[in-house]
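A.B. asks: sequence? don't have it. structure:
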């Protein structure tokens, strides 16, 4: 049996209205301990107002071997970037 | 009344300072990185509380001593903390047993002190009561994990509780020094905290499959400066630098 506690991925919401962002991971025996570990590791300097933890094992990842197939076709589709019009000065967030 | 307030502020400050120093001894030594950080966080909360209470003691005394002078240039006999907080860390289970007994008491105490007639005490208590509520949550959960964990963790936490239990009664006694402060609504009456403390402690012990420790002859004296042998060793580590290099800054 693995004597290490399982790994959990940690997501922090910095402010109300923003999305939770992945910030790192913690080891913990269960979800509640993971929340506490995340609180003490990642929100000590007022980084957040909400925490999510997810068992790392529950995350399905893309295969690095398929990176070329998955991502390179997007490289020459510049028309997908909203860069062809100017944003007024006073608009802070878009 | 002024003498009483100095005394009371020292007791509050020294409880937090000594336990904060004790917990900081775990820094770099805890069983997991996550636990290392959580103990250091609790320690920093406590040292922060101590800074406020010792500042109040120094200002009330008006003899030119600030919080640092009170923390680093008093000797054992002048410390007013309860004996529980100076007890050695032992293993992680013993440390958690001490935290469990103390934080549950401190949360109830600070909850009362948010209504203190002294505005500084009330303000510090209002800030600190949230910190301590989290300390309780951590310690209560660890008691359950350790008590209801493996055979080894169970034995360790039973032994930790056995060590700490004789220092509990001191938390709930009062003396002539603070009686008048209680009457004036400045200090909280610790006797009134016992029923809820008992209830909290026994609920957690039950979920942790731990028996109530057998009654022990209470050991007291911390509030009068009569400490166990452990405080002197703690202070020698904590005070070495400012005593060897007076006025050192970095």
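C.D. replies: Right, received. Where do you want to start? Being a predicted model, the structure only gives us computed values, none of them experimental.

A.B. asks: how distant is the helix ranked longest in chain A from the center of its chain?
C.D. replies: Longest helix of chain A, by residue count under DSSP state H: helix A:31-42. Computed by CA atoms, centre = their mean, to the nearest Å, the separation of helix A:31-42 from the middle of its chain amounts to 16 Å.

A.B. asks: pull the distance from the helix or strand of chain A with the lowest mean pLDDT to the chain's centre.
C.D. replies: Sorted by mean pLDDT, DSSP states H and E, the helices and strands of chain A end with helix A:67-71, the least confident at a mean of 92. For helix A:67-71, the separation from the chain centroid amounts to 21 Å (computed by CA atoms, centre = their mean).

A.B. asks: would you list the phi and psi of residue A:26?
C.D. replies: Main-chain torsions, residue A:26, degrees, to the nearest 10: phi -140, psi 160.

A.B. asks: isn't it right up against residue A:39?
C.D. replies: No: Residue A:26 is beyond contact range of residue A:39, at 9.6 Å (criterion: CB atoms under 8 Å). For the C-beta atoms, the positions are set from N, CA and C on the backbone; glycine is no exception.

A.B. asks: quick one: which of those two has more around it?
C.D. replies: Neighbours were counted for residue A:26 and for residue A:39 using other CB atoms under 10 Å in any protein chain shown; residue A:26 has more, 26 against 21.

A.B. asks: neighbours around the residue nearest to that one when sequence neighbours are not counted, how many?
C.D. replies: Nearest non-adjacent residue to residue A:26, counting by CB to CB, 6 or more residues apart in numbering or on different chains: residue A:37, 3.9 Å away. Residues lying near residue A:37 (other CB under 10 Å) number 25.

A.B. asks: what residues are up against residue A:37?
C.D. replies: A:8, A:26-28, B:34, B:37-38 (CB atoms under 8 Å, 6 or more residues apart in numbering or on different chains).

A.B. asks: one more pass at 10 Å, please.
C.D. replies: Residues in contact with residue A:37, defined by CB atoms under 10 Å, 6 or more residues apart in numbering or on different chains, are A:5, A:8, A:10, A:25-29, A:53, B:32-35, B:37-38.

A.B. asks: so the spatially most central residue of chain A, which of the three states?
C.D. replies: Residue closest to the average C-alpha location in chain A (CA atoms, centre = their mean): residue A:22, at 2.3 Å. Using DSSP: H, G, I helix; E, B strand; the rest coil, the structure places residue A:22 in strand.

A.B. asks: hang on, it packs against residue A:8?
C.D. replies: No: applying CB atoms under 10 Å as the test, residue A:22 and residue A:8 come out as separate, 11.5 Å apart.

A.B. asks: which residues do the two both contact?
C.D. replies: What both residue A:22 and residue A:8 touch, as defined by CB under 10 Å, 6+ apart, is the set A:52, A:54.

A.B. asks: quick one: the residue nearest to the centre of chain A and chain B, what's the gap?
C.D. replies: Residue A:22 sits 17 Å away from chain B, going by CB to the nearest CB, to the nearest Å.

A.B. asks: leaving out the residues flanking it, which one is nearest to that residue?
C.D. replies: residue A:11 (5.5 Å).

A.B. asks: ok, and the closest non-adjacent residue to residue B:95?
C.D. replies: Spatial nearest neighbour of residue B:95, chain neighbours left out: residue B:89 (4.7 Å); criterion: CB to CB, 6+ apart.

A.B. asks: strands of chain B, start to end?
C.D. replies: Here chain B has no strands by DSSP state E.

A.B. asks: swap that for chain A, please
C.D. replies: With DSSP E as the criterion, chain A has strands spanning A:7-13, A:21-27, A:50-55.

A.B. asks: ok, and what's touching the shortest one?
C.D. replies: When you say that, I think you mean strand A:50-55. So strand A:50-55 is contacted by A:6-16, A:18, A:20-23, A:25-26, A:28, A:30-39, A:42-43 (CB under 10 Å, 6+ apart).
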